[in-house]
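need a structure here:
(chains A and B)
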Protein chains: 2
Amino acid sequence: MLVSWAMKTHALDAGTVHYEWNNALPPRLEIDPGDTVVFETRDAADRFYAKTSTAEDVLKRVFRGHPLTGPVKVKGARPGDTLVVEILEVVPALDFGWTQVRPGRGLLPEEDFPKPHLCIWDLADKQIARMPNRPIAVPLEPFPGVMGVALDEPGGHSTMPPRRSGGNMDIKQLHAGTTLYLPVLVEGALFSVGDGHGAQGDGEVCITAVEMSARVTLRFALAKGRRIAEPRFRTAGPIGVKTNRGPHFVTTAHGPDLFASSQQAIRYMIEHLVEERGLTREEAYVLCSVAVDLKISEIVDAPSWIVSAFLPEMVFV
Amino acid sequence: MLVSWAMKTHALDAGTVHYEWNNALPPRLEIDPGDTVVFETRDAADRFYAKTSTAEDVLKRVFRGHPLTGPVKVKGARPGDTLVVEILEVVPALDFGWTQVRPGRGLLPEEDFPKPHLCIWDLADKQIARMPNRPIAVPLEPFPGVMGVALDEPGGHSTMPPRRSGGNMDIKQLHAGTTLYLPVLVEGALFSVGDGHGAQGDGEVCITAVEMSARVTLRFALAKGRRIAEPRFRTAGPIGVKTNRGPHFVTTAHGPDLFASSQQAIRYMIEHLVEERGLTREEAYVLCSVAVDLKISEIVDAPSWIVSAFLPEMVFV
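Numbering: from 1, shown residues only, chains lettered A, B, ... in the order given. Here you go, the predicted structure:
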């Protein structure tokens, strides 16, 4: 049974944020199922970067958790229900986004990338992220990296890993049009959102996407008594419509470990982008993180599985 | 430098096949770069199944290796070159295909699927695979599961795992229009092909796709002196055009092990297909193998990565 009777629209600014999951946090807003909320959200770096920031700023940044807007209490939500979140709109709040490479973070270790790097993307037209000094334009298909509900365990919990309650899922298909299903774990659900991404590849390999402050509009409903173990979702239509528009160049890596094969496929892609497209290694890694999709091509031909990295070549303009 | 001067078309029937990779096998055909070859190929079960086969036949089948058509020697190919394989056409040779569940094989263990199951697909119109007694129609986008060249190690090598030489890659985007790049490891390359798949999800989770005998038309060229470590490819256009045509239902699983999360995401999808679509567990597993795509949504938010399983709902008719 889908409960959804009211139709109010609320606004929640980003003046107050929280940096951890904690079910003792007081709700900033209480809504009925059926209501819509327009959330202002801060970027993952909590407004640390400006358009003039450089690679030297990367190591100065301190990460205290994703700044999240919320919690929102949904009346009538109880453990064992499913919270239904319709993603109505996600738009950049500013005219720039950023992607950083920080040694030791992300899919490839410090040996591959010993130096920090920062890419400031031009988002001026709100449709495309343009890389400085390169003929690269990545279409925006914005989504919140973090959407989740409070855990049923006391105390503070890091925002970094995704959890059964959602959180930092970084799933690029959670864009406008998609409906997300989250398990309700505490009374009122206590939903929060943040970490806007303008564009991202499946994998988010350098650990940052086109990071940005965003305005996120969500409509909430409840599926009473519908229990799910982990988040699920349904898209409104075909996937990848912004970038799936022409030839894809693909690298593959085989082996018994999917993580190691993912690393290898991305290394091959970086090699390709440096040799064939003239990018620096850092630019190539950034492009992989915002536009290259990791697929598990096969996971059954023992003892070797294949991970493939798909680059939509339409990003070169 | 791409060497390609001749333009002959050759035919190679499936009367003689080989069941292992072995660089001592004499070539059945010798071609020039630029030539096209029309290969007849046997299905992975070496014509064991008929349209009347049932689950009882699954355990009687003995797998001695994929039956491969070849080898083809490409004149002038030397170790350190890249073999360029343009996939011109792949069509079913018969009016049926099959997918089997064999306990203990595939992504999910015997505890999940203790009994064998066989699905015989109707391929009568050569465009769609129809599941018996269910309103399920999976569009065909046929490709050879196996394409590869001989290894530079002596003796016989199993056809089961994919290798740096290609082989049993089971990459669904290697359909007509795509160009595959393979490293040449021995004089003449010694290329073989087989294991036709009518449709497959990324992952091929039950270890069989819509398996079928097929006619495969390939054009060969050489990139002299271009050395690659593992197979790469380029599609001619957008990917997934046959199935990426409407809403997708998606399950997600998080955790530190991509393999375990892949298992869990598929278990959730099977649960969904049984509860919401009325399939048996075996039918659901088969549908996952032929139509559900495994994506690595994020691989950086330590300590938990997310694997997502995407079901294109257009397969329900």
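
Any stretches of chain A with poor pLDDT?
For chain A, the stretches with pLDDT under 70 are A:1-6.

Name the residues of the stretch 101-250 of chain A found near chain B, please.
Residues of the stretch 101-250 of chain A lying near chain B by CB under 8 Å from any CB of the partner chain: A:105-107, A:160-164, A:168-173, A:202-207, A:229-240, A:244-250. C-beta: built from backbone N, CA, C; applies to glycine.

domain parsing for chain A?
Residue ranges for the domains of chain A, per automatic domain parsing: A:2-234, A:248-315.

buried subset of the residues of the stretch 101-250 of chain A next to chain B?
A:105-107, A:160-164, A:168-173, A:202-207, A:230-235, A:238-240, A:244, A:247-250 (16 or more other CB atoms under 10 Å in any protein chain shown).

now, which of those lie within strands?
Among those, the ones falling in strands (DSSP state E) are A:162-163, A:168, A:232-234, A:248-250.

Just the closest of these to residue B:258, please.
If you rank those by distance to residue B:258 using CB to CB, residue A:162 comes first, at 13.4 Å.

Show me the contact partners of the strand or helix carrying residue A:276.
Assigning secondary structure by DSSP states H and E places residue A:276 in helix A:258-277. For helix A:258-277, contacts defined as CB atoms under 8 Å, 6 or more residues apart in numbering or on different chains pick out A:107-108, A:112, A:203, A:205, A:249, A:251-255, A:279-281, A:283-285, A:287-288, A:292, A:294, A:296, A:299, A:305-309, A:311, A:316, B:229-230, B:232, B:258-259, B:262, B:296, B:299, B:305.

contacting residues for residue A:79?
A:152, A:184-187.

Include secondary structure and neighbour count when you put those into a markdown table, please.
Listed next are the contacts of residue A:79 as a markdown table, based on DSSP: H, G, I helix; E, B strand; the rest coil; neighbours: other CB atoms under 10 Å in any protein chain shown:
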| residue | secondary structure | neighbour count |
| --- | --- | --- |
| A:152 | coil | 14 |
| A:184 | coil | 28 |
| A:185 | coil | 23 |
| A:186 | coil | 18 |
| A:187 | coil | 16 |
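
which one of those residues is nearest chain B?
Checking these against chain B by CB to the nearest CB gives residue A:185 as the nearest, at 14.7 Å.

Is the closest one in contact with residue A:165, as I believe?
Yes: using CB atoms under 8 Å, residue A:185 is in contact with residue A:165, at 5.7 Å.

Could you pull out the residues contacting both of those two?
A:149-151.

ok, back up a step: buried ones from the contacts of helix A:258-277, can you make that a ChimeraX selection?
Buried residues within the contacts of helix A:258-277, by 16+ other CB under 10 Å, are selected in ChimeraX with:
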select /A:107,108,112,203,205,249,251,252,253,254,255,279,281,283,284,285,287,288,292,294,296,299,305,306,307,308,309,311 /B:230,232,258,259,262,296,299,305
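
which of the contacts of residue A:79 lies closest to residue B:64?
So of the contacts of residue A:79, ranked by how close each gets to residue B:64 (CB to CB), first place is residue A:185, at 51.6 Å.

For that closest one, give me its contacts.
Here residue A:185 is in contact with A:79, A:149-152, A:164-165 (CB under 8 Å, 6+ apart).

cutoff 10 Å now
Going by CB atoms under 10 Å, 6 or more residues apart in numbering or on different chains, residue A:185 touches A:23, A:77-81, A:83, A:148-153, A:163-165.

Would you list the buried entries among those?
A:23, A:77, A:81, A:83, A:148-151, A:163-165.

what's the neighbour count on residue A:52?
8 (other CB atoms under 10 Å in any protein chain shown).

same check, this time on residue A:8
Neighbours of residue A:8 (other CB under 10 Å): 10.

Excluding covalently adjacent residues, which one is nearest to it?
Counting by CB to CB, 6 or more residues apart in numbering or on different chains, residue A:8 lies nearest to residue A:35, which is 4.7 Å off, once chain neighbours are set aside.

wait, what's in contact with that neighbour?
Neighbours of residue A:35 in contact, by CB under 10 Å, 6+ apart: A:4-10, A:29, A:72, A:74-75, A:218-221.

Ok, residue A:184 next?
By CB under 10 Å, 6+ apart, the neighbours of residue A:184 are A:74, A:76-83, A:149-150, A:152, A:165, A:190-191, A:222-224, A:226-228.

one more time with 7 Å, if that's ok
A:77-79, A:81-83, A:149 (CB atoms under 7 Å, 6 or more residues apart in numbering or on different chains).

export these to CSV and tack on secondary structure?
Putting the contacts of residue A:184 into CSV (DSSP: H, G, I helix; E, B strand; the rest coil) gives the following:
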residue, secondary structure
A:77, coil
A:78, coil
A:79, coil
A:81, coil
A:82, strand
A:83, strand
A:149, strand
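
Which single one of these is nearest to chain B?
residue A:82 (12.8 Å).

Show me the helices in the stretch 151-300 of chain A, by range?
Per DSSP state H, counting those that start in this stretch, the stretch 151-300 of chain A carries helices over the ranges A:258-277, A:281-291.

Ok, which of these comes nearest residue B:214?
Residue B:214 lies closest to helix A:258-277 among these, at 27.1 Å (CB to CB).

Buried residues in that closest one, which are they?
Applying 16+ other CB under 10 Å to helix A:258-277 flags A:258-259, A:261-270, A:272-273, A:277 as buried.

quick one: which of those is nearest to residue A:133?
Using CB to CB, the buried residues of helix A:258-277 come closest to residue A:133 at residue A:277, 13.2 Å.

Quick check: the closest one vs residue B:64, distance?
45 Å (CB to CB, to the nearest Å).

cool, residue A:82 as well?
For residue A:82 relative to residue B:64 (CB to CB), the value is 49 Å.

quick one, which of those two is more surrounded?
residue A:82 (23 against 9).

So that one sits against residue A:179, correct?
No: counting by CB atoms under 7 Å, residue A:82 sits too far from residue A:179 to count as a contact (10.9 Å).

Can you show me the CA trace of the helix holding residue A:276 as CSV?
Only the C-alpha atoms of helix A:258-277 are listed here, as CSV (Å, rounded to 0.1, in the frame of the first residue of the first chain):
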residue,chain,number,x,y,z
LEU,A,258,37.3,-8.0,-9.8
PHE,A,259,39.0,-5.1,-7.9
ALA,A,260,42.4,-5.8,-9.4
SER,A,261,40.8,-6.1,-12.9
SER,A,262,39.0,-2.8,-12.4
GLN,A,263,42.3,-1.2,-11.6
GLN,A,264,44.0,-2.7,-14.6
ALA,A,265,41.1,-1.8,-17.0
ILE,A,266,41.4,1.8,-15.8
ARG,A,267,45.2,1.8,-16.2
TYR,A,268,44.8,0.7,-19.8
MET,A,269,42.2,3.5,-20.4
ILE,A,270,44.6,6.1,-18.9
GLU,A,271,47.3,4.8,-21.1
HIS,A,272,45.0,5.1,-24.1
LEU,A,273,43.9,8.6,-23.2
VAL,A,274,47.5,9.8,-22.8
GLU,A,275,48.8,8.1,-26.0
GLU,A,276,45.9,8.7,-28.3
ARG,A,277,44.2,11.9,-26.9
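
That one vs helix B:258-277, what angle?
100 degrees (axes from the mean of the first three to the mean of the last three CA atoms, to 10 degrees).

Having no further points to raise, I will conclude here.
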